[in-house]
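Peer 1: Fold the following and give me the result.
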Amino acid sequence: MQELTLSLDPATRQALDDLADASGRGTEEVVLDAVRRYLDEEGAAVRAHAERLALSHADLLRRLGE
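Peer 2: From the prediction side, this is the model:
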């Protein structure tokens, strides 16, 4: 696994530490979970947008494929 260094302002770091402590997890685990969730949500949003574009331009895409 590759490492990533992330600079956090003190308030964000404190909130992260508090959440990790309250949930019984390490800070890295909390951050990794948050990043994975964000990627899943953003990926789904991008896929949905691409599908809407494909549907709205279906005729053009079909003609280009001929």
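Peer 1: Thr27 is in contact with Asp18, isn't it?
Peer 2: No - contact between Thr27 and Asp18 fails when scored by Cβ atoms under 8 Å: they sit 10.1 Å apart. C-beta here means a position set from N, CA and C on the backbone, and glycine is covered the same way.
Peer 1: Check which element follows the longest helix seen in the chain along the chain.
Peer 2: Taking DSSP state H as the criterion, the chain has its longest helix at helix 27-56. Downstream of helix 27-56, the first helix or strand assigned by DSSP states H and E is helix 58-65.
Peer 1: mind listing what's buried in that next one?
Peer 2: Buried residues in helix 58-65, defined by neighbour count with 16 or more other Cβ atoms under 10 Å: none.
Peer 1: Could you do stretch 1-17 as well?
Peer 2: When neighbours are counted by 16+ other Cβ under 10 Å, the buried residues of stretch 1-17 are found to be Leu16.
Peer 1: so how far is that stretch off the chain centroid?
Peer 2: With Cα atoms, centre = their mean, to the nearest Å as the basis, stretch 1-17 stands 16 Å off its chain's centre.
Peer 1: Equivalent analysis for stretch 19-33, please.
Peer 2: Put simply, stretch 19-33 sits 17 Å off its chain's centre (Cα atoms, centre = their mean).
Peer 1: Thr27 and Asp18: who's more crowded?
Peer 2: Regarding Thr27 and Asp18, a neighbour count based on other Cβ atoms under 10 Å identifies Thr27 as having more, with 14 against 10.
Peer 1: Find the nearest non-adjacent residue to the more buried one, please.
Peer 2: Ala20 (4.5 Å; Cβ to Cβ, 6 or more residues apart in numbering).
Peer 1: Report the contact partners of the one you found.
Peer 2: Listed by Cβ atoms under 8 Å, 6 or more residues apart in numbering, the contact partners of Ala20 are 26-27, 29-30.
Peer 1: Run the angle between the helix or strand where it lies and helix 27-56 for me.
Peer 2: For Ala20, the host element (DSSP H and E) is helix 10-23. Between helix 10-23 and helix 27-56, the angle comes out at 100 degrees (axes from the mean of the first three to the mean of the last three Cα atoms, to 10 degrees).
Peer 1: Thank you, goodbye.
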